[in-house]
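# Dropping a prediction and its sequence here:
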Amino acid sequence: MKRSLIALSCLIFSWVGTNAAFAQDDIGRPKLGIALGGGGTRGAAHIGVLRVLEQEGIKPDIVVGNSMGSIIGSLYCAGVPLDKIEKLVVDGRLRKAYAPLPVPIQIMKKAGAKLMIFRKKRQPGFYDGQGLADFINENVPEDKRRIENLSPTFAAVVTNLLDGQAYRLTKGELGQAVRASATLPPILRAVEIDGNVYADGGIRANMPTYPARAMGADVLIAVDVNEPLKKLKPKDLMSYSKTGNRMTSIVLACADELHLKVADYIINPKVAGISLLSKDEDDFKLAIAEGEKAAREMVPQIKSKLASMGIQPRAISQKAVEVVTEQNSKAEDSKAEDSKKSDRDASVPEK
């Protein structure tokens with residue numbers, strides 16, 4: 001009996017020592033960041049990328065998302081399984097959150113609202129976008145409905161329409177932050193938060209690599225879901241949707257070019273041909289599959305880079321994860337006050 005107690009004691013001290021050492025080493029090790037760009041339906045590829053990286057034990061410390069990247073990234077950092085995220089995106093629930101009513105009914109609703117004599121003056125928008133905020137909050141655990149409670153650390157990139165600058169939302173209600181990051185006026189109403197008027201981060205920073213670096217990413221993976229610009233023929237633009245997609249692709253490609261140079265690795269799923277606003281389930285599934293394929297091709301290079309910096313794939317117990325998360329949180333809190341001005345963070349106040 002005595003020998004058993006001694007053996008058990010040694011085992012416990014060994015486990016505690018190992019995990020304490022792991023936690024300490026984890027705090028000091030280089031941080032891995034992932035920047036998830038916007039891209040509408042093409043952004044479903046982010047699910048495939050994150051799935052492959054997770055399978056390979058490549059787990060980010062920091063995730064920064066814009067627009068669709070913000071939607072996928074926020075759910076992932078809130079601990080929602082990737083299989084569930086895929087279902088939410090593919091089966092139409094996300095689309096319904098964006099546009100809860102068919103266009104003809106929404107037109108009638110808007111026309112009726114104009115007849116009201118006493119109505120609150122608000123930012124213009126065909127849809128108000130609140131459905132998206134509710135969608136996010138309803139699909140994450142209750143204790144993950146604030147950005148600062150997420151792990152990995154998460155930020156949603158937005159554009160302030162008042163000063164024209166890009167900001168990252170790092171505190172406050174998760175649903176409102178994601179709603180702001182994925183709002184394109186006047187289709188969706190711009191989001192007023194704490195005296196600011198926020199809209200889609202893609203207006204200024206579609207590929208949020210600079211925000212990810214500013215948050216401490218030592219190694220940065222950028223997931224670019226926009227199609228490379230290729231020369232087209234006149235017959236390739238013979239529809240409203242094709243012309244609209246082309247114009248958007250040109251704007252995004254020019255905006256992303258500078259930001260992509262900041263990344264160490266660029267994962268670029270082959271999603272050319274998928275419309276930004278496609279509602280086809282097959283397009284969502286294709287984007288996810290292409291995300292998986294593109295990520296697998298980059299895994300050897302990423303692992304090699306991480307190994308050279310002393311970062312090994314993480315196959316560790318949940319207990320150890322909790323210890324690391326707690327200590328990382330304390331370390332980040334101690335830095336927060338010093339970085340408020342230079343980081344250009346913003347927050348979403350509680351309602």
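Happy to help now that I have it.

# pLDDT below threshold where in this protein?
Counting by pLDDT under 70, the low-confidence segments of the chain come to 1-27, 99-122, 124-126, 315-344, 346-351.

# now do 80
For the chain, the stretches with pLDDT under 80 are 1-29, 98-128, 186, 227-230, 240-242, 244-258, 312, 314-351.

# buried residues in whatever helix or strand residue 255 lives in?
In this structure, residue 255 sits in helix 240-260 according to DSSP states H and E. For helix 240-260, a neighbour-count test (16 or more other C-beta atoms under 10 Å) marks 245, 248-249, 252-253, 255-256, 259-260 as buried. Backbone N, C-alpha and C define where each C-beta goes, glycine included.

# Residue 61: neighbouring residues, count only.
For residue 61, the neighbour count with other C-beta atoms under 10 Å is 23.

# Nearest residue to it in space, please, no chain neighbours.
With C-beta to C-beta, 6 or more residues apart in numbering as the criterion, residue 61 has its nearest non-adjacent residue at 4.2 Å, and that residue is residue 31.

# ok, the one you found - how many residues close by?
20.

# List phi and psi for it.
Main-chain torsions, residue 31, degrees, to the nearest 10: phi -100, psi 140.

# circling back to that earlier point, can you give me how far the helix or strand immediately after the helix holding residue 255 in the chain is from the chain middle?
Tracing the chain C-terminally past helix 240-260 and defining elements by DSSP H and E, one meets strand 265-267 next. Centroid separation for strand 265-267 versus its chain: 16 Å, with C-alpha atoms, centre = their mean, to the nearest Å.

# now do stretch 59-70
Centre to centre, stretch against its chain (C-alpha atoms, centre = their mean), the figure for stretch 59-70 is 3 Å.

# Convert that stretch to PDB, retaining C-alpha atoms only.
Output of stretch 59-70 as PDB, limited to C-alpha atoms (Å, rounded to 0.1, in the frame of the first residue of the first chain):
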ATOM      1  CA  LYS A  59      -3.200  25.300 -33.900                       C
ATOM      2  CA  PRO A  60      -3.100  29.100 -34.100                       C
ATOM      3  CA  ASP A  61      -2.600  31.400 -31.100                       C
ATOM      4  CA  ILE A  62      -4.200  34.300 -33.000                       C
ATOM      5  CA  VAL A  63      -7.000  34.400 -35.600                       C
ATOM      6  CA  VAL A  64      -8.000  37.600 -37.300                       C
ATOM      7  CA  GLY A  65     -10.900  37.600 -39.700                       C
ATOM      8  CA  ASN A  66     -12.700  39.900 -42.000                       C
ATOM      9  CA  SER A  67     -16.200  39.500 -43.400                       C
ATOM     10  CA  MET A  68     -16.700  35.800 -44.100                       C
ATOM     11  CA  GLY A  69     -13.300  35.200 -42.500                       C
ATOM     12  CA  SER A  70     -14.700  36.900 -39.400                       C
END
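
# how about stretch 214-233 as CSV, C-alpha atoms only?
Output of stretch 214-233 as CSV, limited to C-alpha atoms (Å, rounded to 0.1, in the frame of the first residue of the first chain):
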residue,chain,number,x,y,z
ALA,A,214,0.1,43.8,-34.6
MET,A,215,-1.5,41.3,-32.2
GLY,A,216,1.8,39.4,-31.9
ALA,A,217,1.9,36.8,-34.6
ASP,A,218,5.5,35.7,-35.2
VAL,A,219,4.6,33.3,-37.9
LEU,A,220,1.6,34.3,-40.1
ILE,A,221,-0.5,32.2,-42.5
ALA,A,222,-2.8,34.2,-44.8
VAL,A,223,-5.8,32.4,-46.4
ASP,A,224,-6.6,34.2,-49.6
VAL,A,225,-9.9,33.1,-51.1
ASN,A,226,-9.9,35.7,-54.0
GLU,A,227,-9.3,34.5,-57.5
PRO,A,228,-6.0,35.6,-59.2
LEU,A,229,-6.6,38.2,-61.9
LYS,A,230,-6.5,36.8,-65.4
LYS,A,231,-7.1,38.5,-68.7
LEU,A,232,-10.7,37.9,-69.9
LYS,A,233,-12.4,38.1,-73.2
